[in-house]
Every structure is written in C-alpha cells, then in structure tokens.
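Trainee: Next comes the sequence, and after it the predicted model I'd like to discuss.
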Amino acid sequence: MSWWKFFLPKQASSAQLDSELRFHIEELTETNIAAGMSPDEARRRAILEFGGQEQVKEEVRDVYRVRIIDSAVANLKSAIRFIRKSPSFSATVIVTMALGIGANSAVFSAIDAILLRPLPFPDANQLVLVEQHNPKDPNFRTFVAPVRLEDWDRLNSTFQGLTGYYTEDVSESTGPLPEKVTRAWVSPRFFQVWGMSPTLGREFSPEEETLNGPAAVLISDRYWRRRFNADTSVVGKNLRLDGHLYPIVGVMPPSFLFPNRETDLWCPIPAGVSYGNARENNWFIVTGRLKPGVTVTHAQADLTTIQSQLGREFPKTDGDLSVTVDALKETTIAGSRRSLWLLFGSVSLLLLIACTNIIALLLSRATQRQHEIGVRFSLGASRGVLISQLLTETFALALIGSGLGLFLAAAASDIFRSLAAQLPRVEEIHLDTRIILYSLACSVAVTFFCGLIPAIRGTRGNLSGSLAQTSRSQVSGRNPLQWFLVGIQVALAVTLLAGAGLLLRSFQQLGRVSPGFDSSHVLSFQLSMNYGETGDLKKLRQFTDRILESLHATPGVEAAAISVGAPGVPLKYPAELKLVEGRADSEPKLMVDNRFVSASYFETMRIPLLAGETCLETEGPPTVVVNRAFADAYFKGKSVIGHHLQSINGMGYAGAAEIVGISGDARESGVDQPPVPTAYWCAPLAEPGTYFLVRTHNAPMTMAETVRRRLRNIEPMRSAYDFAPLEQRFSDALGENRLRTILLTFFALTAISLACVGLYGTLSYTVNMRQREVGLRLALGALREQIVKQFLLQGLAVASAGCVAGWGLAMASARVLSGMLYGVSPTDAATLSAVIFLVLLVAGIACLVPSIRAARVEPMQVLREE
Amino acid sequence: MPIEKSDLLQGTLDLLILKIVALGPVHGYGISQRIRQISKEVLQVQQGSLYPALHRLEKRGWLEAEWGQSSNGREAKFYKLSGKGRKQLASEESNWNRLAGAVSQILQTAH
C-alpha cells in the first residue's frame, strides 16, 4: 500500500473490488460446470446470475462516499444564493461583523505583539532585569556599580551571564555637521546575554574589552541604512565620537533594538572599569540571562545570598543593598498591560453588541423565511439539515465580514501605531497569520453565537401552521427575545460610554490642573554630552554657564535654565536626605524628590518664590531651594531656611547644602501627580540627559533655528537636538492616557450607534408587523399621536431598562478604571447621568422615526391589502 | 418460492450476514451460498445487495476483512466478525427474536 493512502478515508480500491467480484463469478462458474454445463455456458450463466457488475460496484462505492462534504458544498452554494438574493440584509450583517471582528482583531494584534509574544531575542524568557535597592526604600531602585556587576557575575550559579550598559547621546562629527547619535556603553558578555551577533563584521574582541585596548564600535541596522546607505564595505570605516575615532567592527541585525529603538551605536567598556570609590559609583543597568530551567525566584535567592556576602565584606557600601530580579518582558510591558486589557475588554463588549444586533437581524429574517422553511420541511428535509444550512449562511456572512474586518484591522493598526508611539514594542505590531487565524476563530465563534438561536427558533416545527396561513397575520408583533437583545445592547453601550465619559472627564480635569509653573512659551532641547565630562566639575560649570549666558543674551529669549529631566514629565529622583543639624528619631524621615537645576530655573519656569531667596551659584558649597510641600511635611510651623541637607547614599553633589528659599509647589513629575516634597539642588552643571529650557517671547519653535545657530557658534563640535515646546512633552507624557481615552470613546460611540441601529431595526420590524392592527385602530378613530406615543414608549421602555442595567454594569465594573482616573470618582454620578441622558436622547430619536412612520399608515390601503 | 431482497425486512440482511460470518471467516460467495443452503433455498440474496451490505458493515467496523486462499486455491476476500460486530449481532438477534415472538403471538391468537 502506498504511503499516501493513510491520508485518504478508508475505502475499497477498485482493483480489490474487481477481484472480489471476479472471485464470486468464478465460483459460480465452477458450480455450474460441476452441475454438468460446458465451460462457456457455465460462465455465461454465472455472469447472468450475478447481474450488473458495474451497478454493484457503483453501489459499493456509494457506501464510502463522504456525504458531509457534498452537503457542505451544497449548503455553501445555497448560502451564496441567499446572500445575493437579499443584498441589503447581508450588507448590514457583513458591515456589522466587519466592525466587530475588525476592531477586535486590531486590538488583539496589539495585545499579541506587546503582551503575549516573547521579546524578539532568542530564548527571551531567560532574560531578566537585575536591580539593586535599599531594603528600607524598595521603590527607589538605583543603577549598579560595574565592580559589583562583576562580583555578581563571578559568584552566581544561576545565570549564563550578567551584563550592564548605560546610554548617552553624543555627537558624531565625521560629516559636514555634527550629528547626535545615541550610544550604549556595554560591558563584556553583552551580546552573549542577548544571544544576538552582528549580521556584518564581528563582535568585540577580548582586547577591545580590556582597559586601554583598541577602540571599536558596532552600529545599528537603522544607523547603517541612514548614515551609510546600507554600504556593505562599512566595516573598518571610522566614526568620530566626541572627538575620538572609533573604527566600525560590525552591524547588528534590524531586530536588535536594545536598550531602545533609538540606539545607534554600541561601544565596549572594559570589565569592572570605574572611578573614585568603585563600589559607590552606580551607573549600570544590569540584565542577565538565566540558565535553562532556572526560575526568577531561584535567581533572586541566589543573588540575594551573594549580595549579603558582599554586604559582610564591604559593610559601608554594600551593607544596605538588596537585589531584585524581574523578568525583562514584565518590566518592559508592565505599564501598558492594564490599558491594553481595558481596550480589549471594551472592544469585546463592542463585538458582543454587534453579535446581539446580528441575532436580532437573523431572528427577524427567520420569521420572514418561515414559509420557505415550512416548504422545505414538508419536502422531507430534516431539522438538522435545515439548521446546518442556516448556520452555513451565517458562517458565509461572518467569513466575508471577518475578511473585510482584517482590512479594517490593517488600517486600524497603522492608526494605533501612530497613536501609541509611547507604548513599548509598538514597532512589533503587524498583521500576520496569527491575527488572520484569530479573526477566523472569531468568525466561527460569532457564527455559533449569532446563528444558533435564530436557526433553532426558525426551524421550530410548526410547518403545517405556517403553510396553511399567510405569514403576515400569524406573526406576533411582540417578539420579546428581540427586545431583550436590544436591551442588552443598550446596557452594554451605556457601560462603554460610562467608561469613556469618565476617562474624558478625567482628561478635562487634568487640563484644568495648574501645574504650578508656566509651560507656555518654553522651548526645550538637549545637547550631546558624555558622562566622561562630568568628571571635571569646574570645566562643566564653565561650559554650562557659557551656554546659559549665550542663550539668555539671544534676542527674543527671556530666560534660560537647565533641568535634569523635563518638568511635568514622569521622572523622579527620590531619596532619603538627612539634616546636618540633626533630627529627632520620632520625626518622619526626609523622603524627598530631588531635582537638579540651575538658579535661573525658577525664573524660567515662573515658579514663585514664597520665602527666602533663589539659590546662589557660588563656587562654594551648593545651595538648595525646597518647595512648600517639603516645608509643610517636615517643618510644620518651624523655619526651614538655614538648615543644611545632605544626601545619604552619595547621590547628587557631595557635601551638605544650605536651604536658602521655599518655592511654590510644582507638579514636576507629571500633571496628574500631586506635588511631593522636593529639593531643588542648584548648580549650573549639565550632564547627559539634561534639558535646556528657554523662555521665549514668541511661539517657542520659531526660536529653535536661532538657538541652534547660536549654539553652533560657541559649541561647534556638539549637536543640539530634541527641540520641542515644553507643552508638547506634557501632552506626550499623557500619551497612553490619551490613547485609551480616544479608543474607548471611539468604541463607545460605535457601540451606541449599533444599539440605536438595533432599536431602530426592531421597532421598524414591529411597526411593519402591526400595520394591519394600526390601520384598524386608525379606522376605528384612534388618534395618530396615540399611535406615535405608543410605539415611542415601547422603544423607550426597552432603552430605559437597558440604561438601568447599564448603570448597574458600569457601577460593577468601576473598579477596572480606578487608577486610570484623575479628579473624578469611578462612580461619578454626574458622568453617569449625562451618559444616560445622552443614550435616552439618541434612543428617542432612533425610535421616533419608525413610530412616526407607523402613524402615517393609510387605514384603507392596509385593510385592502389583506 | 424463494424470497428475494426486496421482500426481506430492512436490516434483516445485515443480521443474516453477521450471523453467517459469526460461524467463521468466509467470503462473499460463501455467504450467499450458506444463506441459500441454510434457508433451504427460501432466501436468495442478490449480489447487488450483498456486496454493498458487506462493505457497509466493514466500514462500520462490525466486520473485518482479510485476503486469503479459498479452498480451491484462489485469492478471495474473507470476512470475519469483529468485537463490535459480535455485540451488534447479539443485540440484533435478541431484537429479532422479540419481534418474531410478538408477531407469531399475534398470528396465533388473532384467529
């Protein structure tokens, strides 16, 4: 037997069947010969007795024929006929399904790419982020000292390797103008941990990873295409980074976007390199690759043991540190998880509404087809056959709908990508076979969900009845199931609208919040620098001063300042501070958010000074301005000016700093974050990542070119980049918030439109069915207003019931939104009432049209038709 | 007078085949011969019903088929009863006996 026969249904091969039948004839012939006939005669009689051989074979083959496929094809043919016969009905169903399935698939593609798939590295589930923190303050995780990283890597038994990196923006100056590039400094084992190697050229050699070894740089695929036009002979060319030459040794693959998609270059740092007291200088972000089969908890326990050993060995620097290990994927996506599931939940509600709409449509369709179905019953079709045919029709519609929906999803995922630029991994979202399979699964689920009830009800055995009577007068005008479905739609739409309304309200509230500073007319930008420059504080101070003075002197500029981290954008430097003057143990610890600014910051940002003076940028010890929240929290009713603050774990500028003033409260780390106790450390010391802030007379971006030119004159080797009005950074910082608000609002509006279509359709249908009754009542003297009122109330009663249910659902699901709202409670009565008012209003409009049409019935005409 | 296929009750042919095959592996020709002999020429099975029935029973898993040598040395397809077929035969046999008993009861008492 050939191998492929295993894949075919079991059946008699025709040769076998031939020989089986031939045997029978030969036996008959022999019996005949034994009875005394001549061989020829015996054979003739045998064939005659056997009968039509071909007919027998055909009947045997019939036994094996697969009936299911035949009937499925027939069902499909009749489904297509049905779709073509009723184009407007089919179009309504298809469009509804396309909307429901398409929106669902689009959000699913984002969930799949961001939450479900592993990170785009080999065996990405082994990758972890390792952080150190002070156990007294677990939220404040710091970077890791390179020396400590080497200790961890040497002593552990659970990692294949641990590696560290940090990034800075530097200037590349082999071209005509300096260009800002993002460079990641990476410790040894970096590419082994990530499991990636260059597509062109080679990795760093061991010599390049040792102190004073030769320089080398690996470039990203993106930079290779942008700067070198994908030239394959790029290896060996030099880049000039901050004045030093670096030969290119290789190009990384396009999928390698680590630490982020902006990274252009990777340069090696020798193992354990450091400066000053090596164990106190924390500047690495550490990632590791676990050994196969090792869990995160296991690795955490291992490193904790090692760190407590190190703590005994170096009590001063390592005594107060513990280690956390987290799966890298979790730390990458954690922030967006809730938003995405919220969107998926709401888009699934939308699909549910679409489905109930379709059920209602199919139900009314089934009543119209009762006659046809009755005829088919009486012609001998079984109920199963009819149900499977009706389901096939629904499936054909769902298939077309989901096909259309995929186009919709493709278009939507483009919009989504541009709206959701802040989300992690957003570049990985695209339509592929998984999404196509998902939408196919959706269409099967929708088929059964929507098709089964109408099919079962439509084929309920009353064939004699429906054949005997004309259908119209037999159908009840009440159809409670349809109204129930419409009620569900309204309820779900109210729930979605309530969610959208709350998000919108909280957005509106955010807009009203005064951040405590004036962000209009402020231009912000960065300047390429490297951390090496922060070693010489005197030079750094001169450099920063010169730039600020030059900016200040530019016509059209009111004030200029620096701030490490842009104001109003989530970024915190919290730490515990101590008071040099001492503090009673009973008093709360000084947990403070630290901001590093120049003295001109308060003038530039227009943060009012409430007491004391702005800090002085003297060459001597630094000075500090604290905000009112600090004074209120820690010095209630006492004078705070004149005290000295000092950091505990070597953060910021060494030495104690005198508090010289109190400023107003500003929402430094986000408009949605209430002000926390803050200390502004004043020193004109820029570092990589510092923002330059310029208050302008006119629209900020009009000054960008002037500022750029000015900087080029005084700092020709640096590139100025990332120019943006400060207000835009605010709105970008709320990007995820805005994304879910926009999308949820969109879903909610679609939901309410669908619910209105459902209301309108069901009421129109009811009106149609009761035309005769209405005509009769009009003929007997009923007023047209009464008719309008009656139908309108019927529709509104269902809508109201839906609203009540929706209110309950919204209250029950309020918890989902908590934490995403600002300045509005998840059960805000005003929002819910407004939503219900809106729903009743549009529901009223949707009901009014068919109600008025009902009253327009001409009694004589309707009665004559019967 | 021989009774032909059309006169047999539906399902009776299946029962007869199962019963014959239960006696031991046998080919199609053998089955038709045995039905004729045992019923003393009363029942004659047309090949046009016999072979489709055999293949239907095989497809249902009540019969198993195997090629082998017939008594005169020819290649023939032999059918034998499967475990499933044995159960089926038992239940059909008892059904038949009940039916036949009921029918003859009525015929005897309804004079």
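Mentor: Nice, I can see it. Residues are numbered from 1 along each chain as shown, chains lettered A, B, ... in the order given.
Trainee: Now do the helices in chain B.
Mentor: Listed in chain order, the helices of chain B (DSSP state H) span B:12-22, B:28-38, B:47-60, B:83-109.
Trainee: between the ones you listed, which one is nearest to residue A:388?
Mentor: helix B:47-60 (22.5 Å; CB to CB). From N, CA and C alone the C-beta is placed, and that goes for glycine too.
Trainee: what's that closest one packed up against?
Mentor: helix A:14-34, helix A:53-64, helix B:12-22, helix B:28-38, strand B:63-69 (3 or more CB pairs under 8 Å, 6 or more residues apart in numbering or on different chains; DSSP states H and E).
Trainee: weakest of these by average pLDDT?
Mentor: Ranked by mean pLDDT, those bottom out at helix A:53-64, with a mean of 79.
Trainee: Just checking the distance from that helix to the centre of its chain.
Mentor: 60 Å (CA atoms, centre = their mean, to the nearest Å).
Trainee: will you turn the helices of chain B into CSV that also has mean neighbour count?
Mentor: Shown next, in CSV, are the helices of chain B (neighbours: other CB atoms under 10 Å in any protein chain shown):
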stretch, mean neighbour count
helix B:12-22, 20
helix B:28-38, 19
helix B:47-60, 20
helix B:83-109, 12
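Trainee: Next, format those helices as JSON lines and append distance to residue A:715.
Mentor: Formatted as JSON lines, the helices of chain B follow (distance: least, CB to CB, whole Å):
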{"stretch": "helix B:12-22", "distance to residue A:715": "99"}
{"stretch": "helix B:28-38", "distance to residue A:715": "101"}
{"stretch": "helix B:47-60", "distance to residue A:715": "88"}
{"stretch": "helix B:83-109", "distance to residue A:715": "91"}
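Trainee: Next, name the residue at the spatial heart of chain B.
Mentor: In chain B, the C-alpha nearest the mean C-alpha coordinate belongs to residue B:17, at 1.7 Å (CA atoms, centre = their mean).
Trainee: For residue A:754, see how far away residue A:98 is.
Mentor: 12 Å (CB to CB, to the nearest Å).
Trainee: for residue A:783, that is, sorry about that
Mentor: 34 Å.
Trainee: Chain A contacts on chain B?
Mentor: Contacts of chain B with chain A, taken as CB under 8 Å from any CB of the partner chain, map to B:27-29, B:32, B:46-48, B:51-52, B:55-56, B:59, B:70, B:72, B:74-77.
Trainee: please redo it, this time with the cut-off set to 6 Å
Mentor: With the criterion set to CB under 6 Å from any CB of the partner chain, chain B comes near chain A through B:28-29, B:47-48, B:51-52, B:55-56, B:59, B:74, B:76-77.
Trainee: Any buried residues in stretch A:323-340, and which?
Mentor: Judged by neighbour count (16 or more other CB atoms under 10 Å in any protein chain shown), stretch A:323-340 contains these buried residues: A:323-329, A:332-333, A:336, A:339-340.
Trainee: Now do that stretch, average pLDDT.
Mentor: Mean per-residue pLDDT for stretch A:323-340: 85.
Trainee: who touches that stretch?
Mentor: The contact list for stretch A:323-340 (CB atoms under 6 Å, 6 or more residues apart in numbering or on different chains) reads A:111, A:114-115, A:119, A:127-132, A:296, A:299-300, A:303-304, A:307, A:423-424, A:736, A:740.
Trainee: Lowest-scoring secondary structure element of chain A by mean pLDDT?
Mentor: The helix or strand of chain A with the poorest confidence is helix A:471-474; it has a mean of 44 (mean pLDDT, DSSP states H and E).
Trainee: From the contact counts, what lies against the next helix or strand after that one?
Mentor: Later in the chain than helix A:471-474, the nearest helix or strand by DSSP states H and E is helix A:480-512. If you count contacts as 3 or more CB pairs under 6 Å, 6 or more residues apart in numbering or on different chains; DSSP states H and E, helix A:480-512 packs onto helix A:328-368, helix A:735-769, helix A:784-812, helix A:829-855.
Trainee: Can you check what angle separates the following helix or strand past the second one from helix A:735-769?
Mentor: Okay, so that is helix A:735-769. Past helix A:735-769, further along toward the C-terminus, the next helix or strand under DSSP H and E is helix A:771-779. Computed with axes from the mean of the first three to the mean of the last three CA atoms, to 10 degrees, the direction of helix A:771-779 lies at 70 degrees from that of helix A:735-769.
Trainee: could you give the angle of helix A:771-779 to helix A:829-855?
Mentor: Using the same axes, to 10 degrees: helix A:771-779 against helix A:829-855 is 80 degrees.
Trainee: Looking at helix A:771-779 now, give me its mean pLDDT.
Mentor: For helix A:771-779, the per-residue pLDDT averages 85.
Trainee: ditto for stretch A:241-258
Mentor: 88.
Trainee: And stretch A:82-98, by the same measure?
Mentor: 85.
Trainee: Then stretch A:584-600?
Mentor: Stretch A:584-600 comes out with an average pLDDT of 82.
Trainee: go on, stretch A:619-639?
Mentor: Here the average pLDDT along stretch A:619-639 is 85.
Trainee: Okay, buried residues for it please.
Mentor: For stretch A:619-639, using 16+ other CB under 10 Å, the buried residues are A:622-631, A:633-635.
Trainee: next one: stretch A:432-450
Mentor: Buried, per 16+ other CB under 10 Å, within stretch A:432-450: A:435, A:438-440, A:442-443, A:446-447, A:449-450.
Trainee: can you list contacts of the strand ranked longest in chain A?
Mentor: Longest strand in chain A by number of residues (criterion: DSSP state E): strand A:159-172. With contacts defined as CB under 6 Å, 6+ apart, strand A:159-172 is touched by A:149, A:152-153, A:178-187, A:189-190, A:192-193, A:239, A:241-242, A:259, A:283-286, A:288-291, A:528, A:530-531, A:688, A:718-719.
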